[in-house]
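Trainee: Requesting a structural model of the entry that follows:
(2 chains)
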Amino acid sequence: MAVDEHDAGRNERGAMKLAVGPILYLWERKTALAFYESLCDAPVDIVYLGEVVCSKRRLLHKEDWSRVAHDLRSAGKRVVFSTLALIEAESELATMARIVDEAPDLVEANDYACVEQLAGRPFVIGPHLNVYNIATLELLVRRGARRWVAPVELPLAIVAELAAARPAIGPADLQFEMFAYGRLPLAFSARCFTARARGRQKDDCGFVCGEYPDGITMYSREDQPFLTLNGIQTQSAAVQNLISRITELRRSGIDVLRLSPQSQDFTAIVQAYRAALDDPGCNAAVTAPAPFLPGGYCDGYLDGAAGIAHEARVPLAPPPA
Amino acid sequence: MALLAERVRDMRSRLPRAFATLVPGNFEIKRMAPEVEPGAPGAYGGPGTIDGRVPGKFWINLRNMSVWTTYNVPTLVYHESIPGHVWQGEHTFKMPLLRSLLVVDTGLHAKRWTREQAIRWFAGTNGSSVDEVTSEVDRYCAWPGQACGYKVGHSEINRLRAQAQHALGEKFDFRHFNDAVVKTGGVPMIVLARAVDAFIARQRLAPKSDPWPLTYINMLAQRAPYGAAMVKHDESLDAARTVELVCPAGTLPALRAAVDNGADAVYLGFRGETNARNFPGLNFGPREAADAVEYAHRRGVRVFIALNVYPMPDAWSRATAASDTAAALGVDALILADPGLLEYAALTHPQLARHLSVQGSATNWRALEFYRREFGIRRAVLPRVLSCTQVERLITRTDVEIEVFGFGSLCVMVEGRCALSSYATGRSPNMQGVCSPAEAVRWEEGPQGRQARLNGILIDRYAPGEAAGYPTLCKGRFRVEDTVFHALEEPTGLNALDVLPRLIAAGIRGVKIEGRQRSPAYVAQVTRLMRAALDHCMVETKGEDKSERDATRSPIPDLTTELDRLAEGRTHTLGAYYRPWQ
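Mentor: Numbers count the residues shown, from 1 in each chain, chains lettered A, B, ... in the order given. Below you'll find the predicted structure:
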């Protein structure tokens, strides 16, 4: 049975949790079902389900989602239903409204249409809602937000400043979540870049994105892996990995770390993060498996540097006056 | 006298928009007899006889012509004649005569000022001439509480109107509210409040009326401060039916170029990280902004201030201070994206219109409804992601005015939802108001040609002789699998001319030109061309009431060629308006 998020948060604050973000790619149905089955036994606390990127994709059927959610709940996980980031059509609004109305669990809002639809019910502020200051966070908390997933570009210092203001923002159990592992979701467009790369139009895409379980890496002309094309979404080519910074994240008031699904090594990554969380003294000693994706690791955003930077620790010099 | 007559004619044509019940407004404009001028007020008016045989009068005192100016005469006319005293009397004729018991003994009488003190204070504080105020003060001496009574009534009627608006929501109709007020006659305010309660109860049961009165009342609430509003009066009312050309102003010369070449509104930002075009050498300090507002308002052009970044905690007080400055400058709207800042503006400067910036990323009507309900936004600028059909559908589902991009650089990504720039350089539109910032750009000559890097990342490489553009990171050439191409978008500009007639017919209220970073010469040319295009479309669209609409007809063919010369990469696209682009 699902534990109420609200109470769970209040009682367990302090113990950092692991969350698995929504699958951002179009995987085979069988692959996705197997992935969620494996999560039932994995040492994660929260699992985000649903489609965030493209309304045309049908990763799973409605019944599949219900069953997956049920199985995860039975395994003691808390389930959150994520919703679309770019909502344009009536049909997309209707799908979002149905999720909000039917979800027995928390919903993650990634567009203000979803906040409006929620009409005060508890929700998670997804990474695609722009929250950059206390006033906006406080406003959303007044409207029911229970957890905030910070925008990926926000430096840790700012997140920490907002976390320090938590007593003023209230309620006491408001949770802060950071995107800790995965290719960073950076941008959305009306255009499907995967279809474009394959010489197709969006309306006749043939679901070619299904052939790229981690998106298509886009290289510079000197072969530096730069970005990842994932349908209408653009991601980083590098995988953000904050495993070596967990102590700092905890000290900054972060409650939940989000691991974004990828097609390989995910179980090992979960294990590595769990080991890092369970060993309070650990720091850089714990490492995740070497990245199998070509972009390597990055963590620049944490320090207010370019997101692509790795262990830069130094922000870019300010522009010349 | 000709000006008076002209203003009366103009007002007569507008009254059906504000009232459902019309009375004749039977009156004539008369000069006071010279022998009564010295002791008479500046002007007064009232209805004629109940049978209409003797028309009403609007009397004007021409003793001293220097007190009458083109900007103070219009409201005087409206006050004394229609829809003021003449109408008031004629409405009263149509119902049992009731007498107001409104007498409030305050002001001059409560403070025990002398006549001379009052005149001195009036003239000194208000800036009016002694000659002008003397007869006013004499009237107040003999008529205790008259001026206060006006103000009390004004405040109470406004309160009742807000109450009715709130209670009725979409069913609120400006004309019916005005009818309810005037048909009650001259009654005490407590009686008026009961009458409005009854009106609210009646309207709740009535079917929803057509939508324009809401727009109208919105515009009344939005009117710029005194002075500016006078000059702009006509334009602001006509805006109910027209489409504003909204032009960029990165500098004062660019602002003048936009104003002089046909902009209906200009938008500008303050210096620093408070807006999404935070470029060196651009934007306005407070004094320049005041000059800008004055230049534009004098010519009937509205001014919007872009405050469209998402301020982080250390920038918060700068952002709120900037919105306070904008309000003090008497601008016509704030363009905002951050919900916290929208809330601040709505609470602190409720009278100042709020436009949702394109950076607010509202791409559907329910998101717009969030911003409208929470912060009372008047207008929203749509991100460049919707197809023409989607814009058309969206407009049918919202009361928020819609402004769309018509020309300029093309953002490929949803504005407000793009962190590509900070991923490459650490600085982004949302955080610092910049994209692919110049200080991160490096040009170099390599063996394979000229190369453009952004914070070290190769964005594009140009063969000898090939035109090189600014390395905006989404417009470079990259390798995807085995192909090197413009994987995200070509360096091309947006030009919506081909769909402008469709968008206008759909009911857009503003067409925005991108380019606060562009030169005055560029702004002048694009404004002039887009003005011509818009005027052409407006004529066509109006004519379409009679004939079948030809949605695909392009406005003026040779404009496209001229505009292309100004476009990024010298080519243009319809962008997302055209579905196959997506």
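
Trainee: Name all residues that make contact with the residue of the stretch 51-200 of chain A found nearest chain B.
Mentor: Relative to chain B, the nearest point of the stretch 51-200 of chain A is A:Ala135 (2.8 Å; C-beta to the nearest C-beta). All C-beta atoms are positioned from the backbone trio N, CA, C, and that covers glycine. Taking C-beta atoms under 8 Å, 6 or more residues apart in numbering or on different chains as the criterion, A:Ala135 is in contact with B:Trp316, B:Asp338, B:Pro339, B:Gly340, B:Leu341, B:Glu343, B:Tyr344.

Trainee: The residues you listed: which ones sit near chain A?
Mentor: Contacts with chain A within the contacts of A:Ala135, counted by C-beta under 8 Å from any C-beta of the partner chain: B:Trp316, B:Asp338, B:Pro339, B:Gly340, B:Leu341, B:Glu343, B:Tyr344.

Trainee: Confirm the fifth one sits in a helix?
Mentor: Yep, that's B:Leu341 we're talking about. Yes - counting by DSSP: H, G, I helix; E, B strand; the rest coil, B:Leu341 is part of a helix.

Trainee: State the distance from it to B:Ile457.
Mentor: Per C-beta to C-beta, to the nearest Å, B:Leu341 is found 32 Å from B:Ile457.

Trainee: Looking at these two, which one has more neighbours?
Mentor: Each of B:Leu341 and B:Ile457 has its neighbours counted (other C-beta atoms under 10 Å in any protein chain shown); B:Leu341 has more, 28 against 22.

Trainee: low-confidence ranges in the stretch 451-582 of chain B?
Mentor: By pLDDT under 70, the low-scoring segments of the stretch 451-582 of chain B are B:540-557, B:568-570.

Trainee: for chain A, what are the nearby residues on the stretch 201-350 of chain B?
Mentor: Near chain A, when you scan the stretch 201-350 of chain B using C-beta under 8 Å from any C-beta, you find B:280, B:310-313, B:316, B:337-341, B:343-344.

Trainee: Now a ChimeraX select for only the buried ones of those.
Mentor: Buried subset of those, written as a ChimeraX selection, criterion 16 or more other C-beta atoms under 10 Å in any protein chain shown:
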select /B:310,311,312,313,316,337,338,339,340,341,343,344
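
Trainee: Reformat the residues of the stretch 201-350 of chain B next to chain A as TSV; add pLDDT.
Mentor: Conversion of these to TSV gives the following (pLDDT from 0 to 100):
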residue	pLDDT
B:Pro280	78
B:Tyr310	95
B:Pro311	95
B:Met312	95
B:Pro313	94
B:Trp316	94
B:Ala337	97
B:Asp338	97
B:Pro339	97
B:Gly340	96
B:Leu341	96
B:Glu343	93
B:Tyr344	93
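
Trainee: Now the two most distant members of the residues of the stretch 201-350 of chain B next to chain A.
Mentor: B:Pro280 and B:Glu343 (31.3 Å; C-beta to C-beta).

Trainee: and which of the contacts of A:Ala135 is nearest to chain A?
Mentor: Nearest to chain A among the contacts of A:Ala135: B:Gly340, at 2.8 Å, using C-beta to the nearest C-beta.

Trainee: The closest one against A:Val141, yeah?
Mentor: No - B:Gly340 is not in contact with A:Val141 according to C-beta atoms under 8 Å; the separation is 11.6 Å.

Trainee: just for chain B, where's the confidence low?
Mentor: B:94-107, B:111, B:123-128, B:132, B:207-241, B:540-557, B:568-570.

Trainee: who's in contact with the helix or strand harbouring B:Ala424?
Mentor: Assigned by DSSP states H and E, B:Ala424 belongs to helix B:420-425. Around helix B:420-425, the neighbours that count as contacts under C-beta under 8 Å, 6+ apart are A:153, A:184, A:186-187, A:226-227, A:234, A:236, A:301, A:306-308, A:316, B:413, B:427-431, B:434-437, B:440, B:454-455, B:457, B:473-474.

Trainee: Among the residues you listed, which lie within helices?
Mentor: B:Pro429, B:Asn430, B:Met431 (DSSP state H).

Trainee: Please verify my assumption that the second one contacts B:Tyr310.
Mentor: Yes - applying C-beta under 8 Å, one finds B:Asn430 in contact with B:Tyr310, separated by 4.8 Å.

Trainee: Need the overlap of contacts for the two.
Mentor: Taking C-beta under 8 Å, 6+ apart as the contact rule, B:Asn430 and B:Tyr310 both touch A:Asn130, A:Tyr132, B:Gln359.

Trainee: any idea what the last one is structurally, helix, strand or coil?
Mentor: This points to B:Gln359. At B:Gln359 the chain is in helix, as set by three-state DSSP.

Trainee: Now do it: how many residues are near it, please.
Mentor: 28.

Trainee: Contacts only, for it.
Mentor: B:Gln359 makes contact with B:Ala276, B:Asn308, B:Val309, B:Tyr310, B:Ala337, B:Glu415, B:Gly416, B:Pro429, B:Asn430, according to C-beta under 8 Å, 6+ apart.

Trainee: The stretch 351-500 of chain B: helices as residue ranges?
Mentor: Using DSSP state H, counting those that start in this stretch, the helices of the stretch 351-500 of chain B run over B:365-375, B:388-396, B:420-425, B:429-432, B:500-506.

Trainee: in chain B, which strand has the most residues?
Mentor: Counting residues, the longest strand found in chain B (DSSP state E) is strand B:401-409.
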